[in-house]
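1. sharing a model that was predicted from the sequence below.
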Number of protein chains: 2
Amino acid sequence: MATTTRSWWGWGTAEDAVRGSELDALLRRVRELLPDADLTPTTAPAVSDLGLPTPRVAAPRALAPLCSHEPTDRAAHTHGKAFRDVVRNLAGDLRSAPDLVVRPRTEQDIVDVLDWCSRSNIAVIPYGGGSSVVGGTEPRVGDGYTGAISLDLAELGQVLEIDRTSRAARIQAGVLGPALEDQLRPHGLSLRHFPQSFEFSSLGGWLATRAAGHYATLYTHIDDMVESMRVVTPGGVAQSLRVPGSGAGPSPDGLFLGSEGTLGIITEAWMRLQDRPAWRAGASVHFAEQDAAVAATRAIAQSGLHPTNCRLLDPAEALLNTGVHTSGGVLVLGFESADHPVREWMRRAVELCRDHGGDLPAPPRYTEDAESTANENTADNWRAAFLRMPYQRDALAARSMIVETFETACTWDRYPELRAAVSEAASAALASTGATGMLTCRFTHLYPDGPAPYFGIYAAGRRGATLQQWDEIKAAVTEALHTRGGTVTHHHAVGRDHRPWYDRQRPGPFAAALSAAKTGVDPAGVLNPGVLLPGMAP
Amino acid sequence: MATTTRSWWGWGTAEDAVRGSELDALLRRVRELLPDADLTPTTAPAVSDLGLPTPRVAAPRALAPLCSHEPTDRAAHTHGKAFRDVVRNLAGDLRSAPDLVVRPRTEQDIVDVLDWCSRSNIAVIPYGGGSSVVGGTEPRVGDGYTGAISLDLAELGQVLEIDRTSRAARIQAGVLGPALEDQLRPHGLSLRHFPQSFEFSSLGGWLATRAAGHYATLYTHIDDMVESMRVVTPGGVAQSLRVPGSGAGPSPDGLFLGSEGTLGIITEAWMRLQDRPAWRAGASVHFAEQDAAVAATRAIAQSGLHPTNCRLLDPAEALLNTGVHTSGGVLVLGFESADHPVREWMRRAVELCRDHGGDLPAPPRYTEDAESTANENTADNWRAAFLRMPYQRDALAARSMIVETFETACTWDRYPELRAAVSEAASAALASTGATGMLTCRFTHLYPDGPAPYFGIYAAGRRGATLQQWDEIKAAVTEALHTRGGTVTHHHAVGRDHRPWYDRQRPGPFAAALSAAKTGVDPAGVLNPGVLLPGMAP
């Protein structure tokens, strides 16, 4: 097995960075679309040249073996993996580096670390895979703290127990996607949770941020896969009861899901698993009218067919990602089952598409043999491309391109107006910041009552100014989402970056309740300050 | 339309009480099963003979028009509708009657009532349909309060807005099931939430207690049908954003769902609706072995077929409710769709049953025409019988029978042991209390990782002692649930009666967080004290 090195400044591993013919092809495509783009490359600085601030705190002797103040460790734990994180890393701006990176090996280690930090007024930033795109793992905590540590759960990566009958497993929170699936595969089971960050995000991170996988409907949100959670808070360990459902008061897990490390450190969870699918169906449907494409997608979302994939790409997204020219977009449809053939499900979904003017250039593809690899290869190819996207983003971010996504969810009745408002806001902000580019949209998740639109911005920026350009664009489009009935985030979490809009979206009495609840379990206020709630004033 | 009178002491309306030939048949069945039962009837006392305590508080002049201290009103708002409530009513024990019944007409009325009660240290007991079976609406608040009011939301019963595109409606919380469906029917929509209490429970009550409807899988919990909620707390009005999904922090609705009136008064909600089903399929499957019946049910629960009904009746339940003799039980299967025929779904479910030794005495029944009423009649008959059960319970409770249900949920791996422990505890408690009877079990709801077993006790009690007998039996079986991995309640809520086990089940830090959150929104601690959390000490 080849050794790989995690990139401190960009996505994934240094070895997997875009280079050679992949890079040539990528830049060729950009030049075709944006002939005036300045694609002069920027190289990441050497860690030794970063001039990281001197650590302000030292660990007590008992905890010292868990702690690292190595510059590369600290640099890698400073930012998440958003576009603005990569740009700041490339510019060598790591002013909010943690003082220490701490890697607990046991739950007791975590208890001891929280005790120490609570006593010493040190901010604790929980860190799973480090793939936050909202500043959730960035130790930007203000001046109210003595220091800040990044609490990296990488050593807690085991599947501890499997219940084959109930299809569930007890899993440590620090495990990353591939290591988790490797441990479940021998049992014929899968968590079946595949966010784009899959390779570099952890179970604990998924739970803390209410992550969503790449499936379109039903079991795709991590919230729906949790039986029970174990959370270490400064006020004690919270272990919820492992049951398939309960009506005993407000859900305890519901308070910790999405708490983004502000209430406690998730150490393990009993998770619902699924059998590995044996039957698959896939189809691509082309539309001439965007409204008809949306109506077809809505009909499927309200049909009770529960497709695993139902991804509506707008014409720009379809062109960029699949090379297909349409005036109304492309609907990528999929069904999967571990129990039964899915032809009848696909047949009806296709019928709904045709009722709305959809056209299938090729008949649906079926895999009806668990051993067949034909569709596996198609899926693998798609997955490989999906997983390459963040690497390509890095290559473009290093060449003054503005490449970033943002996402929301809204009810069907609000969607047309929200879509128009986002387009208008993006165009205006691109123009006012002097960037040239385009906005794309796809639906990543579907509910009977509305879609989760996922937007992409691809623009040629001004060398040295892309951070400011993006921040201005992001503020404009987020304001458009907020004022047109969209949530500030459907599955990217709040972190530090979405706080201003989150504060406006959240009901006032709920803010009071959450703030009080935090004080109840984290009286010193050291857990991820500035995320969801304000941190301590100096 | 005939005028009906709500029964102050029992279920539903006085006019619908069991009498005549229905009563004769019921008592005949009981005498067959329990020949030694003492079926001497007890008559409910006259309200004028109850000697209700004198009201301790008087409303401020501005609120007086909303308030009633009529004895019948106060009597009807004293207890919920559990067996123990009916028995206490029949015995004339109404010591915890509310001082006043208050019926707000607007949200501002509720704000004013909460202000008054917070200022005056008066406990506020929210009241929807009054069908709690766990003491949730009983003003049993201890001596720490000046008085207690029952806040009845009956005047807030309108559907305010309908969004046909997203299939959702904004609905006032006080509406009862039939009035709600009457308002949705002209739009071809349904909330499709049918708990057994449907006729006499309200939207706000369903939300506050995390109610479950009679469907087996998927959209049956009220939790999954909420887009957003509006809640009046003493600390302000909480209005959550109306979106199909959101990952912006812990779910605000998640805190209020199941809060049982301890955090605020739910005044309205945007609810997800469904089209009315046009295709239906139904089948009954008989089993010779109970383990095989459970395995078949588990296979269906894990198949991804999502039946609307998948109710496994154990042999005693099957005999009592359908008159069918089996040694392994009966699985009642159903599928429904508003979009497509469901033959393929039923075909596969039946195949799974046959794989586990299930036998179909008759082929599945299909309704494939929205206008057909054949199956509607079957469903109507079943529904009528289901809705009669609480009335029959009252008739038996008045004749010294112990007739009550309790419910839980557990993972599949724990079920056999839990089932055995409950049987053993019930048998021992029946014997030690001198009652003679039986325990039945059915699965009301199914999850891929476990069932929600629903138990019934039918026993001949001792005249004048059935309350004590039941309390002893209930404590024994709840202890068995608690120690064998079951939740204290799957959909009956916690109220005052489940508190001792809920306190043990709930994670300690969550209790601290919830208690702090309550103080954050209800600083005077007047909202439903004693439910979920302790009330004020005197």
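-> Received it, and whenever you're ready, just let me know what you need.
2. let me see the ranges of the strands in the stretch 1-150 of chain A.
-> Secondary structure of the stretch 1-150 of chain A by DSSP state E, counting those that start in this stretch: the strands cover A:67-68, A:100-102, A:122-127, A:147-152.
3. neighbouring contacts of the shortest one?
-> For strand A:67-68, the surrounding residues in contact (C-beta atoms under 8 Å, 6 or more residues apart in numbering or on different chains) are A:Ala59, A:Arg74, A:Leu100, A:Val101, A:Val102, A:Arg103, A:Ile149. The C-beta positions use only the backbone N, C-alpha and C, and glycine is treated the same way.
4. between these, which is closest to B:Ser96?
-> A:Ile149 (52.5 Å; C-beta to C-beta).
5. who's the closest one bridged to?
-> Beta bridges link A:Ile149 to A:Leu100, A:Val124, judged by DSSP bridges.
6. outline the domain layout of chain A.
-> Domain assignment for chain A, taken from automatic domain parsing, gives A:167-275, A:279-368.
7. next, the residue nearest to A:Ala513 when sequence neighbours are not counted: secondary structure please.
-> Of all residues beyond its chain neighbours, the one nearest A:Ala513 is B:Ala517 (3.8 Å), with distances taken as C-beta to C-beta, 6 or more residues apart in numbering or on different chains. Secondary structure, DSSP: H, G, I helix; E, B strand; the rest coil: B:Ala517 is helix.
8. surely B:Ala517 meets A:Ala516?
-> Yes. The pair B:Ala517 / A:Ala516 is scored as a contact, 5.3 Å apart, by C-beta atoms under 8 Å.
9. deepest of the domains of chain A, which one?
-> Mean neighbour count (mean count of other C-beta atoms under 10 Å in any protein chain shown) peaks for domain A:167-275 among the domains of chain A, with a mean of 23.
10. count the residues that sit near the residue nearest to A:Ala513.
-> Look at B:Ala517: counted by other C-beta atoms under 10 Å in any protein chain shown, it has 28 neighbours.
11. how close does it sit to B:Leu33?
-> Taking C-beta to C-beta, to the nearest Å as the measure, B:Ala517 falls 48 Å from B:Leu33.
12. then A:Arg272?
-> With C-beta to C-beta as the criterion, A:Arg272 and B:Leu33 are 40 Å apart.
13. quick revisit: farthest pair in the contacts of strand A:67-68?
-> Using C-beta to C-beta, those span at most 13.8 Å, a distance reached by A:Ala59 and A:Arg74.
14. what sits in contact with each of those two?
-> Common contacts of A:Ala59 and A:Arg74 (C-beta under 8 Å, 6+ apart): A:Leu100.
15. return the residue of chain A that is most distant from the centre.
-> Distance to the chain centre peaks in chain A at A:Arg61, reaching 36.2 Å (criterion: C-alpha atoms, centre = their mean).
16. now it: how far from chain B?
-> Per C-beta to the nearest C-beta, to the nearest Å, A:Arg61 is found 28 Å from chain B.
17. OK, contacts around that residue?
-> A:Arg61 touches nothing, counting by C-beta under 8 Å, 6+ apart.
18. quick check, the residue in the stretch 251-400 of chain A closest to chain B?
-> Using C-beta to the nearest C-beta, A:Gly254 is the residue of the stretch 251-400 of chain A that sits closest to chain B, at 3.6 Å.
19. and the stretch 51-200 of chain A, which of its residues are near chain B?
-> Contact residues (C-beta under 8 Å from any C-beta of the partner chain) of the stretch 51-200 of chain A with chain B: A:Asp163, A:Thr165, A:Ser166, A:Arg167, A:Ala168.
20. closest one of those to A:Leu313?
-> A:Arg167 (32.9 Å).
21. about what we covered before: export the domains of chain A as a markdown table, with columns for distance to B:Ser132 and mean pLDDT.
-> Below are the domains of chain A laid out as a markdown table (distance: least, C-beta to C-beta, whole Å; pLDDT from 0 to 100):
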| stretch | distance to B:Ser132 | mean pLDDT |
| --- | --- | --- |
| domain A:167-275 | 12 | 97 |
| domain A:279-368 | 32 | 96 |
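22. and of those domains, who's closest to B:Glu268?
-> Going by C-beta to C-beta, the one of those nearest B:Glu268 is domain A:167-275, 19.2 Å.
23. please compute how far that closest one lies from its chain's middle.
-> Chain-centre distance of domain A:167-275: 14 Å, with C-alpha atoms, centre = their mean, to the nearest Å.
24. and it, how far apart are its ends?
-> Terminal residues of domain A:167-275 are spaced 8 Å apart (C-alpha to C-alpha, to the nearest Å).
25. circling back: of all the strands of the stretch 1-150 of chain A, which one is nearest B:Arg6?
-> Among the strands of the stretch 1-150 of chain A, strand A:122-127 sits nearest to B:Arg6 (C-beta to C-beta), with 53.1 Å.
26. quick one, that closest one and strand A:147-152 angle?
-> Interaxial angle, strand A:122-127 versus strand A:147-152 (axes from the mean of the first three to the mean of the last three C-alpha atoms, to 10 degrees): 20 degrees.
27. now strand A:122-127 - C-alpha only, PDB.
-> Extracted in PDB, the C-alpha atoms of strand A:122-127 (Å, rounded to 0.1, in the frame of the first residue of the first chain):
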ATOM      1  CA  ILE A 122      -8.900  27.200  26.600                       C
ATOM      2  CA  ALA A 123     -11.200  26.900  23.600                       C
ATOM      3  CA  VAL A 124     -11.700  23.300  22.300                       C
ATOM      4  CA  ILE A 125     -12.200  22.900  18.600                       C
ATOM      5  CA  PRO A 126     -13.400  19.400  17.800                       C
ATOM      6  CA  TYR A 127     -11.900  18.000  14.600                       C
END
